[in-house]
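Quick one, what's the 3D model for this:
(chains A and B)
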Amino acid sequence: MADALTIGLTVNGRGVEVEIDPRRSLLDLLRENLGLTGTKKGCDHGQCGACTVHVDGERRLSCLQFAAQMGGRSVTTIEGVTGDNGELHPLQKAFVQHDALQCGFCTPGQIMSALALLKEGCPTDAAGVRELMSGNICRCGAYENIVKAVQEVADGLR
Amino acid sequence: MASVEWVRPESVETALAALADRVGQAVAGGTTLLDLLKMGHRLPERFVDISRLPLDQIVETPGSFTVGALVSNTALANHAVVRTAFPVISEAILSGASQQIRNAATIGGNIMQVVRCPYFRSTDWPCNLRSPGSGCEAMRAPLHSHAILGTTADCIAVHPSDMAVALLALDAIVHMRTAVAAWMIPLSEFYLEPGRGGEARTALPRDALVTAIEIPRPVSAIRSGYLKLRGRASYEFATASVAAVLLYRNERVEAISVGLGGVATRPWRRQDAERLLVGRKLDEGSIDRFCDALLDDADVRPETGHKLALARGAVHRILRSLAAL
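Purely as a prediction, here's the structure:
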């Protein structure tokens, strides 16, 4: 066992201190150390986007981030998106309304990626949305409805 | 099991001190390093987390544009001056990876990124880069993704960066530092031919950091662009790509530089070929002759022959587009 190290970070607004293996990914920190299993492990090699979270407000792939570099950072996962009363975020509601998922495995990553896209400035055309969501693969092929859900929420913010 | 130490310096000086014994590995975004670790690649003795160093500034002067090594790919691509004065950089960066990866990636890490050859990534195969002297499986079983330019008997893996191709076409300069020295070299001299210097593919010593990339200011009226051909519409490495910088006036080429990506073991450029076009009109024939010179020592295999045609077509298309033909 490699020597453990201790880091402090903020996850979904709450300060946590965790002891981690120096080789651990942020994804494994979230799922294994903190039990936050909403963030999914798809490929674990940065190809699918299922593990997308926000680090200091930016979308990142948690499978390609060293946990050891996360000291002092603020991480938001899908568990931090829903309101305290359990009410879904408007983007989550739009995914439900547009049937933007089938198996649902990629959905937390799609939501986290699209939430960041809304902040970055979402393109008005579907092709632009597709390009900036291309890091999130949906093997069920729900892309049409994912784009519709994202566009509906983006239009509402304009 | 192997152990690795993390040090998290706050200053460039302490980071360089932690790299001075040449057994440390600097980590900025860390995306490729962590990925390769999971693939079973060897751990360094020490990771030096450079992500908090104050190297994330962009400094503009009348003559140059200097980008700190820790500026993220996203920040550089979206910078107002880059979008207007150097669109080739924005286009190259935004054609690569995904937004999540571009947010984590830094420009220093991008120019240092390692090849994506499957025989290198998987530890199941011999590979001269991963394990010097062990051989090259790609020589026995080349793939459609392998290089046709800059190949040696040691390696035919493609350099994967889009951004470095754009920087090469812009005559970028790499600034480096160790604990005792600071110096700079043109990006065109930064990448080494495979085989030379064992594992080293760049001119960056193991105890040094890239601190910045400097881009000389092009004259106004110069146009630039990046065209990337690939097997998917997005989120895919280049099969062949072209970065072009062109000053075309009165139907004559006044200045031109062309970088090729996706086809060579390092970002590729041939200034002798570019000189053939200076003073000439751009048309089917002159661009063809330029392509002949640019690709004249191509090392084509049955698996990689398509890259020759794709590179030629991409050069034709982008030069015609920039010259508004």
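
Show me which positions of stretch B:5-12 end up buried.
B:Glu5, B:Trp6, B:Arg8, B:Pro9, B:Val12 (16 or more other C-beta atoms under 10 Å in any protein chain shown). The C-beta positions use only the backbone N, C-alpha and C, and glycine is treated the same way.

export it as PDB, just CAs?
Coordinates of each C-alpha in stretch B:5-12 appear next as PDB, following Å, rounded to 0.1, in the frame of the first residue of the first chain:
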ATOM      1  CA  GLU B   5       5.400  11.000  -2.800                       C
ATOM      2  CA  TRP B   6       3.500  14.200  -3.500                       C
ATOM      3  CA  VAL B   7       4.900  17.600  -3.000                       C
ATOM      4  CA  ARG B   8       2.800  20.700  -3.500                       C
ATOM      5  CA  PRO B   9       5.000  23.800  -3.900                       C
ATOM      6  CA  GLU B  10       3.500  27.300  -4.000                       C
ATOM      7  CA  SER B  11       6.400  28.900  -5.900                       C
ATOM      8  CA  VAL B  12       8.300  28.200  -9.100                       C
END
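
any idea of the pLDDT on B:Gly195?
With respect to pLDDT, B:Gly195 scores 83.

tally of neighbours for the closest residue to it other than its chain neighbours?
In this structure, B:Gly195 finds its nearest non-sequential neighbour in B:Asp154, 3.5 Å apart by C-beta to C-beta, 6 or more residues apart in numbering or on different chains. Per other C-beta atoms under 10 Å in any protein chain shown, the neighbour tally for B:Asp154 reads 20.

cool, A:Asn85 as well?
5.

My guess is A:Gly135 contacts B:Asn103. True?
No: in this structure A:Gly135 lies outside contact range of B:Asn103 using C-beta atoms under 8 Å: 10.1 Å.

Overlap in contacts, the two.
Counting by C-beta atoms under 8 Å, 6 or more residues apart in numbering or on different chains, A:Gly135 and B:Asn103 have no contacts in common.

from the chain's centre, how far out does stretch B:38-58 sit?
Stretch B:38-58 sits 18 Å away from the centroid of its parent chain (C-alpha atoms, centre = their mean, to the nearest Å).

C-alpha coordinates for it, CSV please?
Taking C-alpha atoms only, stretch B:38-58 is exported to CSV below (Å, rounded to 0.1, in the frame of the first residue of the first chain):
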residue,chain,number,x,y,z
LYS,B,38,-4.1,3.2,-14.4
MET,B,39,-2.8,1.4,-17.5
GLY,B,40,0.1,0.1,-15.5
HIS,B,41,2.8,2.6,-16.4
ARG,B,42,5.7,3.0,-14.0
LEU,B,43,5.3,5.5,-11.1
PRO,B,44,7.9,8.2,-10.7
GLU,B,45,9.4,8.5,-7.2
ARG,B,46,7.8,11.9,-6.7
PHE,B,47,4.9,13.9,-8.1
VAL,B,48,5.4,17.6,-8.0
ASP,B,49,2.0,19.3,-8.1
ILE,B,50,2.7,22.5,-10.1
SER,B,51,-1.0,23.4,-10.5
ARG,B,52,-0.8,26.2,-8.0
LEU,B,53,2.2,28.0,-9.3
PRO,B,54,1.8,31.6,-10.5
LEU,B,55,2.4,30.7,-14.2
ASP,B,56,-1.2,31.3,-15.4
GLN,B,57,-0.7,34.8,-16.7
ILE,B,58,-1.0,36.0,-20.3
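
Show me which residues of it are buried.
Neighbour-count burial for stretch B:38-58 [16+ other C-beta under 10 Å]: B:41, B:43-44, B:46-53, B:55-56, B:58.

likewise stretch A:151-158?
A:Gln151, A:Glu152, A:Val153, A:Ala154.

Would you confirm that the second one contacts A:Lys93?
No: with contacts defined as C-beta under 8 Å, A:Glu152 does not count as touching A:Lys93, sitting 9.8 Å away.

okay, now B:Met184: neighbour count?
When neighbours are defined as other C-beta under 10 Å, B:Met184 has 14 of them.

For chain B, see how far away A:Cys138 is.
Here the distance between A:Cys138 and chain B works out to 13 Å (C-beta to the nearest C-beta, to the nearest Å).

Which segments of chain B make up each domain?
The record assigns chain B these domain ranges, following automatic domain parsing: B:58-112+B:162-216, B:225-322.

burial count for the residue of chain A found nearest chain B?
Residue nearest to chain B within chain A: A:Gly135 (2.4 Å; C-beta to the nearest C-beta). A total of 23 residues lie near A:Gly135 under the criterion other C-beta under 10 Å.

what helix or strand is it on?
Assessed by DSSP states H and E, A:Gly135 sits outside every helix and strand.

Backbone dihedrals for it, both of them.
Per-residue torsions, A:Gly135: phi -80, psi 0 (degrees, to the nearest 10).

Pull the contacting residues for it.
Each residue near A:Gly135 by C-beta under 8 Å, 6+ apart is listed here: A:Gly49, A:Thr52, A:Leu61, A:Ser113, B:Ala97, B:Ser98, B:Gln99, B:Gln100, B:Ile101, B:Tyr235.

can you tell me which of the buried residues of stretch B:5-12 are up against chain A?
Under the cut-off given by C-beta under 8 Å from any C-beta of the partner chain, chain A has B:Glu5, B:Trp6, B:Arg8 from these close to it.

So which of those residues are in strands?
In strands, defined here by DSSP state E, the members of these are B:Glu5, B:Trp6.

could the ones next to chain A among the buried residues of stretch B:5-12 be laid out in TSV, adding pLDDT?
Putting these into TSV (pLDDT from 0 to 100) gives the following:
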residue	pLDDT
B:Glu5	95
B:Trp6	97
B:Arg8	96
